[in-house]
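# The sequence isn't on hand, but the structure is:
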């Protein structure tokens with residue numbers, strides 16, 4: 001890494017931003033269109049790089065890394081002009097003759113740090129928000145996905161001037177020692193693990209840099225006795241094993257009513273075979289584990305409980321089969337950390353209240369999923385547990401809707417993005433009170449009197 005080169009690049013961005021070049025609507029629109037066009041140009045290369053890095057099936061690569069970005073850019077372009085307009089808000093009577101406005105103002109030079117599990121989409125989706133809000137940006141792709149990292153650098157260099165958007169590559173250690181601690185960014189957007197997120201937040205505190213943290217956690221899935229067994233099993237099987245379970249909103253463990261457990265697991269086993277065949281290692285529809293370190297962590301958990309399906313693994317190809325494990329308790333080691341892989345532990349319950357301490361043991365998950373036809377149970381679950389977002393009778397798809405802000409709570413993150421929330425994440429809301437001068441009531445000015453005090457008491461009651 002060339003520190004002097006990054007110094008120069010950062011300073012050029014600061015100067016470019018201070019000149020006001022990024023603030024106009026046409027500039028933002030033009031560069032969002034550029035982003036969409038260059039993604040289209042390199043679509044096949046992006047999918048090939050995702051296959052080389054993660055063995056991602058073409059369907060999963062397109063839908064989760066490319067198609068979702070097209071929708072995010074389309075939605076942003078449709079609404080951007082409206083988002084940029086000052087918003088008039090209510091003004092209390094005591095402030096008349098005045099009116100109140102909110103101005104959305106870009107923050108400046110931003111840093112976006114991407115993860116390895118969706119290495120293209122989770123780097124470029126925040127960039128859509130940064131561009132829309134009128135900022136400059138430095139992107140730091142994951143060093144675990146070399147092919148995508150190199151392609152991202154090529155795409156950005158080809159599309160944008162260095163004084164506007166650029167890429168820094170290298171090991172994660174450069175984030176702390178050479179980026180966050182060295183440069184006064186106006187906002188940092190990080191997607192990754194809670195452990196690294198804590199370090200990012202700690203380093204950013206030295207310069208009071210605002211941070212968006214998109215982290216993770218053990219996201220529970222609850223299947224109640226009244227669920228549609230066939231459809232629920234199919235949806236859960238897809239959501240759990242999409243990208244080999246390496247998804248921040250992946251259903252982490254299954255809480256299922258004991259009366260339907262056996263038939264439901266039978267259905268899941270049926271759909272695992274239907275999706276990936278009798279021998280999933282030969283399937284072109286199943287991804288691989290990112291690296292040997294993650295593989296070894298996951299392999300160790302295969303020795304817990306009782307295998308109902310799966311358990312096959314191959315270290316050379318970093319393959320772990322879709323796996324369901326029974327006879328798991330909340331004290332099992334697999335229940336202490338986010339799994340982030342294709343292993344689903346199963347815990348049964350008789351009464352819905354039994355799930356409360358289990359979920360609270362791993363509090364503040366990024367997502368929660370409930371399969372039921374009971375509206376009262378929906379209400380109970382939504383109101384009882386703190387979680388970032390989720391689905392009723394579906395899995396992981398809530399993050400696709402740009403109208404739904406996406407983000408965690410507590411240990412699973414802070415801040416929201418997608419759609420207008422991305423624009424807001426990279427904006428400062430500047431509050432302005434505008435007062436007309438055709439009259440200047442003497443009420444606020446000294447000398448004060450009992451009459452004035454009596455009048456304001458009535459106003460504020």
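Everything's here; your move. Computed from a predicted model, the values in this text were never measured in an experiment. Numbers count the residues shown, from 1 in each chain.
# Please tell me I have it right and residue 103 contacts residue 433.
No. The criterion here is CB atoms under 8 Å, and residue 103 misses it with residue 433 at 11.8 Å. Bear in mind the C-beta positions are built from the backbone N, C-alpha and C, glycine included.
# the more surrounded of the two?
For residue 103 and residue 433, the more surrounded residue by other CB atoms under 10 Å is residue 103, and the numbers stand at 14 against 10.
# Where does the prediction get shaky in the chain?
For the chain, applying pLDDT under 70 flags the ranges 1-3.
# now with 90?
1-8, 92-96, 170-179, 181-182, 441-444, 455-461 (pLDDT under 90).
# all helices for the stretch 101-250 of the chain, in order.
121-132, 146-159, 173-174, 194-205, 229-241 (DSSP state H, counting those that start in this stretch).
# just the ones you listed: most buried one?
Mean neighbours per residue, mean count of other CB atoms under 10 Å, is largest over the helices of the stretch 101-250 of the chain for helix 121-132, with a mean of 27.
# how big is the angle separating it from helix 146-159?
With axes from the mean of the first three to the mean of the last three CA atoms, to 10 degrees as the basis, helix 121-132 and helix 146-159 are set at 20 degrees to each other.
# Tell me, how many residues neighbour residue 434?
11.
# now the one 4 residues further on
Other residues near residue 438 come to 5 when the count uses other CB under 10 Å.
# repeat for the one 5 residues further on
Residue 443 is surrounded by 12 other residues when neighbours are defined as other CB under 10 Å.
# Isn't it up against residue 451?
No. Residue 443 is beyond contact range of residue 451, at 9.8 Å (criterion: CB under 8 Å).
# OK, contacts around residue 243?
54, 56, 60, 64, 117-118, 250, 287 (CB atoms under 8 Å, 6 or more residues apart in numbering).
# just these now: which is nearest residue 197?
If you rank the contacts of residue 243 by distance to residue 197 using CB to CB, residue 117 comes first, at 14.6 Å.
# Next up, phi/psi of that closest one, please.
When quoted as degrees, to the nearest 10, the phi and psi of residue 117 stand at phi -80, psi -40.
# again, but for residue 257
Phi and psi for residue 257, reported as degrees, to the nearest 10, are phi -60, psi 130.
# dump the residue contacts of the closest residue to it other than its chain neighbours.
Distance criterion CB to CB, 6 or more residues apart in numbering; nearest residue to residue 257, sequence neighbours excluded, is residue 225 at 4.0 Å. Residue 225 makes contacts with 257, 259-260, as judged by CB under 8 Å, 6+ apart.
# How about residue 245?
By CB under 8 Å, 6+ apart, the residues touching residue 245 are 339-343.
# Just those: which are in strands?
Mapping those onto strands (DSSP state E) picks out residue 343.
# quick check, nearest of the contacts of residue 245 to residue 304?
Nearest to residue 304 among the contacts of residue 245 is residue 343, at 9.2 Å by CB to CB.
# Leaving out the residues flanking it, which one is nearest to that closest one?
Leaving aside its chain neighbours, residue 343 sits nearest to residue 323 (4.6 Å; criterion: CB to CB, 6+ apart).
# In this structure the one you found contacts residue 342, no?
Yes. The pair residue 323 / residue 342 is scored as a contact, 6.0 Å apart, by CB under 8 Å.
# And residue 309, how far from residue 260?
Distance, residue 309 to residue 260, using CB to CB, to the nearest Å: 17 Å.
# can you check residue 45 too?
For residue 45, the distance to residue 260 (CB to CB) stands at 46 Å.
# neighbour-wise, which of these two wins?
The neighbour count for residue 45 versus residue 260, taken as other CB under 10 Å, is higher for residue 260 (19 against 14).
# Which residue is the nearest non-sequential neighbour of the more buried one?
If the residues on either side of it in the chain are set aside, residue 260 comes closest to residue 225, at 5.4 Å by CB to CB, 6+ apart.
# got the contact list for residue 190?
Contact analysis of residue 190 by CB under 8 Å, 6+ apart lists 113, 196-197, 200, 211-214.
# Look up which residues are beta-bridged to it.
Beta-bridge pairing of residue 190 under DSSP bridges involves residue 113, residue 213.
# circling back to that earlier point, any common contacting residues for residue 323 and residue 342?
Both residue 323 and residue 342 are contacted by residue 310, under the criterion CB under 8 Å, 6+ apart.
# Between those two, which has more neighbouring residues?
Neighbours per residue (other CB under 10 Å) separate residue 323 from residue 342, with residue 342 holding more: 29 against 25.
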